[in-house]
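A.B. asks: Provided below for reference: sequence and predicted model.
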Amino acid sequence: MEIAHNRAKEEQKQKKRISRSLTLIKCPHCGNDRDFLEVADNVIITTNYRQNSDGSFTQEGDESQILGEIKLYCGECNSDLSQFHSRFLEMLF
Ligand SMILES: [Zn+2]
C-alpha cells in the first residue's frame with residue numbers, strides 16, 4: 001500500500017518535470033502551433049523494382065538521399081521556422 005502510494009507520488013513528480021520543460025513550437029508570426037511543413041531540397045529518390053515473369057513489377061524498396069537543406073515551415077503562414085527544426089526532429093515519433 002505504502003509502496004504503491006510512493007510510486008504514484010514519483011509519477012506525479014515526473015509528470016510535473018515533463019510539463020515544465022515542454023514548450024510547443026509556435027510560429028512567432030501567426031501563433032500556429034499545429035500544422036508544420038518540412039521541405040527537403042535536392043532529393044534523389046531511388047526505387048528498386050523487380051520484374052516478374054508476367055511482366056508486372058514489384059517494388060523492392062526505396063532509398064532517398066537528401067543532398068540539400070531541410071527546412072521547416074509554418075503550415076499556416078509559410079514562415080520559415082527552420083530555427084526550430086532540430087527541436088522538431090527531437091519530438092518526432
Ligand atoms: Zn505562421
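C.D. replies: In hand now; what should we look at? Note that this is a predicted model, so its numbers are computed, not measured. Residues are numbered from 1 along each chain as shown.

A.B. asks: by mean pLDDT, which helix or strand of this protein comes out lowest?
C.D. replies: helix 2-21 (a mean of 63; mean pLDDT, DSSP states H and E).

A.B. asks: excluding its backbone neighbours, what's nearest residue 84?
C.D. replies: Using C-beta to C-beta, 6 or more residues apart in numbering and skipping the chain neighbours, the partner closest in space to residue 84 is residue 25 (4.6 Å). No exception for glycine: its C-beta is placed from N, CA and C like everyone else's.

A.B. asks: what helix or strand is residue 49 on?
C.D. replies: Using DSSP states H and E, residue 49 sits within strand 43-51.

A.B. asks: who are the packing partners of that strand?
C.D. replies: In terms of contacts (3 or more C-beta pairs under 8 Å, 6 or more residues apart in numbering; DSSP states H and E), strand 43-51 is packed against strand 57-66.

A.B. asks: show me where pLDDT drops low in this protein?
C.D. replies: Applying pLDDT under 70 to the chain picks out residues 1-5, 9-21.

A.B. asks: what residues does it have near the ion?
C.D. replies: 27, 29, 30, 32, 74, 76, 77, 79 (C-beta under 5 Å from the ion).

A.B. asks: give the contact list for residue 30.
C.D. replies: Shown in contact with residue 30 (C-beta atoms under 8 Å, 6 or more residues apart in numbering): 74, 76, 77, 79.

A.B. asks: export those to CSV and tack on neighbour count?
C.D. replies: CSV is the format used below for those (neighbours: other C-beta atoms under 10 Å):
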residue, neighbour count
74, 23
76, 16
77, 12
79, 15
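
A.B. asks: taking the residues you listed, tell me the two that lie furthest apart.
C.D. replies: Using C-beta to C-beta, the two most remote members of the contacts of residue 30 are 76 and 79, lying 8.5 Å apart.
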